[in-house]
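[1] What would the 3D arrangement of this be:
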Amino acid sequence: MRNLSDRISREFLPAVASPSQYVGLEFNARRPNVDAAGVRIVLAFPDAYRIGISHMGHQLLYHLCNDIPGTACDRTYCPMPDAEQAARVVKIPLWGWESGRAVADFDIVGFSLPYELCVTNMLTMLDLAGVPLRWADRNERHPLIVAGDALADTPEPIADFIDIFLVGDGEVNLPALIELVRQAGPNGLSRHDLLLQAARSIPGAYVPRFYRSIMNRSGMHHVEPARPDVPAVIHHAHLSRLSDSPAPGRPLVPLADAVHDRVVIEIMRGCPNSCRFCQAGFVKLPVRIRPVEQIVEIAKQAIEATGYREISLLSLSTSDYPELPELIERLNSEFADKHVSISLPSLHVGSELRKLPAMVSAVRKGGMTIAAEAGSDRIRRAIHKDISDDDMLSAVEAAYRAGWRSVKVYFLAGLPGEREEDIDAIFNLARRLSHARRAVDGQTGAISASVSWFVPKPHTPMQWCSMQTNEYFRSVRNRLRDLSRRSAVSFKFHKIERSIFECVICRADRRIGKVIENVWRRGARMDAWDEHFSFENWLSAFEQEGIDPADFAHKPFATDQPTPWSHISCPRSEEHLLEQYNLMLRELQNDQRPCNDRGMSPSPQTDGQSQ
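    Okay, the predicted model is just below:
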C-alpha cells in the first residue's frame with residue numbers, strides 16, 4: 001500500500017486551513033496496522049470532517065470493523081474545497097486519515113450516505129482517490145465501492161457509481177461482505193464473481209450491474225434483474241436486538257471543531273408512531289430497544305474515555321423509549337455530581353406527558369426539542385402525528401418549571417391539504433408555547449422554530465404525493481416572517497432550492513446519474529452547505545442532460561405503477577403504504593374548502609388513482 005504520510009505532512013498540511021482535521025490523531029483512534037491485515041477497509045464519509053466525525057453510524061461501523069479479527073478499518077472524509085485544491089496541486093491522492101495509506105489501495109471503500117446532497121462529495125472523493133467514477137470503468141486493481149445508510153434505500157440516482165449497496169443495518173451485512181472479500185483471494189474469485197456471490201448471498205446486498213432500468217407506462221423507470229440468479233427484490237438486513245449493536249464505549253474525540261461534542265448513545269432503533277411522512281420511521285422497523293443497564297455502562301465508559309460533559313440519548317423518538325423514567329433516574333444518579341448533562345432530543349409529547357415534569361427536573365438542562373411537524377391538529381391527524389396542542393403546551397410549561405428557558409420546535413410546511421390557516425397555526429402554536437412560561441415566572445420563553453419543506457419520501461405512505469413549488473414555499477416563509485415580527489418566536493428556514501433537489505435525488509431513477517456527474521464537473525462541492533450550494537449549477541446540469549427536475553419533485557407518482565425504488569423492500573408492504581395513503585386522502589377530503597387567494601392548496605396533489 002502506498003504510504004503518503006510524509007508527503008501529507010510536508011506538502012499538504014502547510015497549505016490548508018485547520019490542518020488538525022486531516023491528521024487522524026483523535027483520542028480513542030484505533031490506528032490498525034493496515035499493511036498486515038487480511039482485509040483492509042476504509043470508511044468514507046462524504047462531507048466535511050466536522051460533520052463526519054460526529055456521525056454516530058460512521059463511528060459505530062469503524063469500531064465494529066476493527067473488532068473483526070484480521071480486518072483493519074481506517075477513515076476518510078471529504079476535504080474542504082481549499083484542501084481539495086491543495087491535494088490536486090501537489091498530486092496527493094485521497095488517503096486514510098490514520099494510516100496515511102492511499103484509499104485506492106484498500107480492498108473496500110465504504111461510503112455512509114445519510115443525505116441526498118452529499119452525492120457530489122462522493123464523486124470528489126472517488127476522483128481524488130484515483131478510482132473511476134463509474135463501476136463499468138473499474139477493474140481488478142480497484143477497491144470495491146460500497147454504499148449504505150439512507151441513500152441505499154433509494155439507490156438508483158447513484159447506481160452507476162456504486163459496486164454494492166448494503167441496504168438496512170450495517171452491523172449485519174458489512175461483516176458478511178468483509179468475510180466474502182477475505183475468502184475471495186484464496187478461492188480465486190474475480191471481481192465479477194465476488195460481486196455476483198455478494199448479490200446472491202449477503203442480506204440486503206444490491207449490485208446494480210446485475211439489474212436494468214426499464215421505463216413504465218407513467219414515464220418513470222423501475223428496476224428488474226438482468227439475470228435470473230439474483231433476487232428481484234432486495235430486503236432490508238435487520239439486526240434482531242439492538243443490544244447486539246456495538247455502541248462505542250470509547251468514541252472518537254475530534255481534534256478540530258465538530259458539530260457534536262458529546263457522548264451519543266442509540267437507545268432505540270425504529271419508531272412506534274408510524275408518522276406517514278417519515279422514511280426512517282418505516283424503513284427502520286421493527287422497534288428494538290437497548291437495555292437500561294447496557295446504556296448506563298456505555299455512558300460510564302464513554303464519559304471516562306472522552307471527558308465529555310453531555311450525553312445525548314438518540315432515537316427517532318426518545319420519549320417513546322419504554323423505560324425512559326428508569327433510564328433518566330439511573331443516569332442522573334450516576335452523573336449528577338459529575339456535572340454531566342442529559343440531552344433529550346426528538347421528544348414525542350403524548351401519553352408520557354405526566355412523566356415529563358419529573359424527568360426534566362431530574363437532569364441538568366442539556367436540551368429540549370419537540371417535533372410538532374404541523375401547527376394544526378387537522379394536518380397532524382392526516383399525517384398520523386399523534387400529538388395535540390394541549391400535550392405540547394403542558395409539556396413545555398413543565399419544562400419551564402423545571403428550569404428550561406428556551407425550547408426548539410420542528411415544523412414541516414407544504415404538507416398535503418395545507419391551507420393558509422394551517423400556516424398561521426404554526427406561528428400561533430409557537431407563540432402559545434412561548435407564552436406558556438408566563439404561568440411560571442410571568443415572562444415569555446424563547447422559542448426557536450425550525451421550518452423544513454415537506455419532501456414526499458420513498459417507502460412512506462406519502463411517497464406518491466408531489467412536492468410544492470418554490471413559489472409556494474416562498475409565500476409560506478414570507479407569511480411566517482411577517483407574523484413573527486415583534487414576538488419571542490424566532491423562525492429558521494431550510495434553503496428552499498436545496499430541499500427541492502433533495503426531493504429530486506431521493507425520488508429519481510437511474511437517468512439522473514449523468515446529471516449528478518455533470519453538476520460535479522461544473523464544480524459542485526459541499527452542496528449540503530448554504531455557502532457552497534449553487535441552484536443555478538444544478539438547473540444548468542439538468543437542462544444540458546435534457547431532464548426536467550419537476551418530473552420527480554412536482555408531479556405525483558402513479559399508484560398503479562412501480563417506482564424507481566420498488567425493488568428495495570422496506571419492512572412495511574406496498575399494500576400497507578397504499579392503504580395508509582388512501583386513509584390520509586379520505587381524512588383530508590372530509591374537510592375540504594375552496595382554495596384561498598394566496599394559492600395554498602386545499603388538497604394534496606395526487607395522481608387521481610386513489611380519489
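[2] What distance do you get for Ala573 to Pro461?
    For residue 573 the amino acid is Ser, not Ala. 12 Å (Cβ to Cβ, to the nearest Å). C-beta here means a position set from N, CA and C on the backbone, and glycine is covered the same way.
[3] So for those two, which residue has more residues nearby?
    Taking neighbours as other Cβ atoms under 10 Å, Ser573 and Pro461 compare with Pro461 leading, 27 against 10.
[4] Now the more buried one. Nearest residue, chain neighbours left out?
    Spatially, and ignoring its direct neighbours in sequence, Pro461 is nearest to Gln580 (3.6 Å; Cβ to Cβ, 6 or more residues apart in numbering).
[5] quick one: that neighbour is in a helix?
    Yes. Under DSSP: H, G, I helix; E, B strand; the rest coil, Gln580 falls within a helix.
[6] Count the residues that sit near it.
    18.
[7] Ser213 pairs with what?
    Val223 (DSSP bridges).
[8] Now do the strands in the stretch 501-611 of the chain.
    Counting by DSSP state E, counting those that start in this stretch, the stretch 501-611 of the chain has strands at residues 568-569.
[9] could you pull out the helices for it?
    513-521, 535-545, 550-553, 574-589 (DSSP state H, counting those that start in this stretch).
[10] what's the third one packed up against?
    Which is helix 550-553. Contacts defined by 3 or more Cβ pairs under 8 Å, 6 or more residues apart in numbering; DSSP states H and E place helix 550-553 against helix 496-507.
[11] I'd like to know how far the nearest residue to Cys118 once chain neighbours are set aside sits from His221.
    Spatial nearest neighbour of Cys118, chain neighbours left out: Pro46 (4.3 Å); criterion: Cβ to Cβ, 6+ apart. Applying Cβ to Cβ, the value for Pro46 to His221 is 25 Å.
[12] ok now do the closest residue to Pro564 other than its chain neighbours, which residues does it touch?
    For Pro564, ignoring the flanking residues on the chain, the nearest one in space by Cβ to Cβ, 6+ apart is Asp509 at 3.9 Å. By Cβ atoms under 8 Å, 6 or more residues apart in numbering, Asp509 lies in contact with 156-157, 213, 220-222, 564.
[13] same thing with Asn273?
    Here Asn273 is in contact with 281, 317, 320, 348, 384-386 (Cβ under 8 Å, 6+ apart).
[14] pretty sure Val409 is in a strand, no?
    Yes. Val409 forms part of a strand when assessed by three-state DSSP.
[15] Number of residues surrounding it?
    The local packing of Val409 (other Cβ under 10 Å) involves 24 other residues.
[16] what helices or strands is the helix or strand encompassing Pro345 leaning on?
    Assessed by DSSP states H and E, Pro345 sits inside strand 341-347. Secondary-structure packing of strand 341-347 (3+ Cβ pairs under 8 Å, 6+ apart): strand 310-314, helix 324-335, strand 365-373.
[17] if you compare these, which one is most tucked away?
    Burial of the helices and strands packed on strand 341-347 is given as mean neighbour count (mean count of other Cβ atoms under 10 Å); strand 310-314 ranks first at a mean of 21.
[18] need the contact list for the residue most central in space within the chain.
    Closest residue to the average C-alpha location of the chain: Pro114 at 3.6 Å, with Cα atoms, centre = their mean. Listed by Cβ under 8 Å, 6+ apart, the contact set of Pro114 reads 55, 57, 149-151.
[19] mind checking how far the residue nearest to Pro461 is from Ser466?
    17 Å.
[20] Now Ala87: phi and psi?
    phi -60, psi -40 (degrees, to the nearest 10).
[21] Can you get me a residue count around it?
    Counted with other Cβ under 10 Å, Ala87 comes out at 21.
[22] Quick check: Glu536 vs Ser499, distance?
    16 Å.
[23] of these two, who's got more company?
    Legend: neighbour count by other Cβ under 10 Å for Glu536 and Ser499, higher for Ser499 (23 against 9).
[24] residues contacting that one?
    452-453, 455, 473.
[25] what's the distance between the lengthiest helix in the chain and the middle of its chain?
    The helix that spans the most residues within the chain, counting by DSSP state H, is helix 170-187. Averaging C-alpha positions (Cα atoms, centre = their mean, to the nearest Å) puts helix 170-187 25 Å from its chain's average.
[26] For it, the averaged confidence score.
    In this model, helix 170-187 has a mean pLDDT of 95.
[27] which of the residues in it are buried?
    For helix 170-187, burial by neighbour count (16 or more other Cβ atoms under 10 Å) applies to 170-178, 180-182, 184.
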